[in-house]
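sequence-free structure coming up:
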């Protein structure tokens, strides 16, 4: 992917076609405020073009060539870039724009919004020869909670990757997965088979034993105040309730919840049920059945795949499914959006991971797909939106 070094370089290049050498340097972003050092460009003209084309209000602190300039956006800077140039995305590190990347046609059709990179280190996230960060979650503000398994803690970063604070875990807990509801953080520790509820100050609010009776388990999620992970039998994978939230506190599941096993399939907030039918062996493929609450069934075929997994639903009721397939000697990972009988697919161009993790893919209620990539020297979190 082609790398560009600044937002103004990008905007001027496409808006005006003017001389773009050394337009600016020292870009820094905090929320909707962008600070940068400006050279050889009329900021006022440039900002008016952004407002006209992106519909985003921009105010300028100082319009002095060669001086420090503060730009205040009433909307997200990602929205400005995406509205004007859908084939570009921003990469953040430490709360600052690290680079602007020109994405490929496949990514653009899938809508790469942004990426956040967090380098490993004593004060960020720890790794050793065997393991790295195991999982992640986002709160309603978009803050990123990384399960720093090696250091027995949770590291919290801003939506742009700036370190915010640490949540220490009880001594000896090497947690495997994390989920968030309101101000509470839920972690699962497989060695003890316990589910813990923490607050942001690191206080344990509740502990609940978990009965694991199935062959394997997948990522943890919170579904309508029920805490679940995806477990598997010999024939089916589906949601298993391991806890519930009542008045903000972790409680034992109801008996009727405990009676349901993986054979029931996965569920979404809309009440739809998702079941895989067919055998995913020898690249034969399988079908994903979507069962409406009223009983109607829509079937989506997937052929020549090696694996298939349900990720979740968005607020519009669309479902997201991850598949893997072979193309020559390459493993191709795709995420598919299923809605109203239609299937839209996105190929994950970047799928390299150096450490095993419980959760590599997730989807939020707005339909943003998150890709969690623990690499050798850094963690990268990609954000996509299927158009």
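Nice, thanks for sending it over. These numbers come from a predicted model, not from an experiment. Numbers count the residues shown, from 1 in each chain.

Spell out which residues make up each domain of the chain.
Under the assignment automatic domain parsing, the domains of the chain span 2-113, 119-264, 268-349.

Work out the gap between the shortest one and the centre of the chain.
I take that to be domain 268-349. Distance of domain 268-349 from the chain centroid (C-alpha atoms, centre = their mean, to the nearest Å) equals 18 Å.

Stretch 174-181 too?
15 Å.

which ones are touching residue 287?
Residue 287 sits next to 276-278, 299-302 when contact means C-beta atoms under 8 Å, 6 or more residues apart in numbering. For the C-beta atoms, the positions are set from N, CA and C on the backbone; glycine is no exception.

That one is in what secondary structure piece?
Secondary structure from DSSP states H and E places residue 287 in strand 286-291.

Now do whatever helix or strand comes next after that strand against strand 286-291, angle only.
Going down the chain from strand 286-291, the next helix or strand is strand 297-302, by DSSP H and E. Orientation of strand 297-302 against strand 286-291 (axes from the mean of the first three to the mean of the last three C-alpha atoms, to 10 degrees) gives an angle of 160 degrees.

Counting by contacts, list what whichever helix or strand comes after strand 297-302 packs against.
Next along the chain after strand 297-302, taking DSSP H and E as the criterion, comes strand 307-313. Secondary-structure packing of strand 307-313 (3 or more C-beta pairs under 8 Å, 6 or more residues apart in numbering; DSSP states H and E): strand 286-291, strand 319-327, strand 361-363.

Can you tell me what sits against the longest one?
Right, strand 319-327. Residues contacting strand 319-327 (C-beta under 8 Å, 6+ apart): 268, 272, 274, 283, 288, 290, 300, 302, 304-314, 331-339, 361, 363, 367, 369.

again, but for stretch 266-279
223-224, 230, 236-239, 264-265, 284-293, 299, 308, 310, 312-313, 317, 319, 321, 365.

Show the residue spans covered by the strands in the stretch 51-200 of the chain.
58-60, 68-73, 88-93, 96-102, 112-119, 136-138, 144-148, 153-157, 163-168, 177-181, 184-189, 194-198 (DSSP state E, counting those that start in this stretch).

can you list those strands in JSON lines and add distance to residue 376 and mean pLDDT?
Compiled in JSON lines, the strands of the stretch 51-200 of the chain are given as follows (distance: least, C-beta to C-beta, whole Å; pLDDT from 0 to 100):
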{"stretch": "strand 58-60", "distance to residue 376": "39", "mean pLDDT": "56"}
{"stretch": "strand 68-73", "distance to residue 376": "35", "mean pLDDT": "56"}
{"stretch": "strand 88-93", "distance to residue 376": "16", "mean pLDDT": "75"}
{"stretch": "strand 96-102", "distance to residue 376": "17", "mean pLDDT": "69"}
{"stretch": "strand 112-119", "distance to residue 376": "11", "mean pLDDT": "88"}
{"stretch": "strand 136-138", "distance to residue 376": "18", "mean pLDDT": "96"}
{"stretch": "strand 144-148", "distance to residue 376": "16", "mean pLDDT": "94"}
{"stretch": "strand 153-157", "distance to residue 376": "18", "mean pLDDT": "93"}
{"stretch": "strand 163-168", "distance to residue 376": "21", "mean pLDDT": "92"}
{"stretch": "strand 177-181", "distance to residue 376": "23", "mean pLDDT": "95"}
{"stretch": "strand 184-189", "distance to residue 376": "25", "mean pLDDT": "94"}
{"stretch": "strand 194-198", "distance to residue 376": "30", "mean pLDDT": "95"}
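
so which of those strands gets nearest residue 257?
Of all the strands of the stretch 51-200 of the chain, strand 194-198 sits nearest to residue 257, with 13.8 Å by C-beta to C-beta.

how about the nearest residue to residue 144 once chain neighbours are set aside, what does it touch?
Leaving aside its sequence neighbours, residue 144 sits nearest to residue 157 (C-beta to C-beta, 6 or more residues apart in numbering; 4.5 Å). Residue 157 makes contacts with 116, 118, 143-144, 146, 163-164, as judged by C-beta under 8 Å, 6+ apart.

Kindly indicate which of the residues you listed lies nearest residue 354.
residue 118 (13.9 Å).

just checking, the closest one touches residue 161?
Yes: the criterion here is C-beta atoms under 8 Å, and residue 118 meets it with residue 161 at 5.7 Å.

Common neighbours of the two, please.
Contact with both residue 118 and residue 161 is made by residues residue 93, according to C-beta under 8 Å, 6+ apart.

ok, back up a step: just the buried residues of the contacts of residue 157.
The neighbour count (16 or more other C-beta atoms under 10 Å) marks 116, 118, 143-144, 146 as buried among the contacts of residue 157.

Need the max-distance pair from those residues.
Once C-beta to C-beta is applied, the buried ones among the contacts of residue 157 give 118 and 143 as the farthest pair, at 12.8 Å.

Any idea which of the domains of the chain has the lowest pLDDT on average?
Ranked by mean pLDDT, those bottom out at domain 2-113, which scores a mean of 55.

coming back round to it: which among the contacts of stretch 266-279 count as buried?
Buried among the contacts of stretch 266-279 (16+ other C-beta under 10 Å): 223, 230, 236-239, 265, 285-286, 288-291, 308, 310, 312-313, 317, 319, 321.

hang on, the earlier thing: with distance to residue 246 as added columns, please give the contacts of residue 157 in a markdown table.
Shown next, in a markdown table, are the contacts of residue 157 (distance: C-beta to C-beta, whole Å):
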| residue | distance to residue 246 |
| --- | --- |
| 116 | 34 |
| 118 | 34 |
| 143 | 25 |
| 144 | 28 |
| 146 | 28 |
| 163 | 33 |
| 164 | 29 |
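
out of the residues you listed, who's nearest residue 351?
residue 116 (16.8 Å).

so the closest one bridges to which residues?
Legend: beta-bridge partners of residue 116 under DSSP bridges are residue 92, residue 381.
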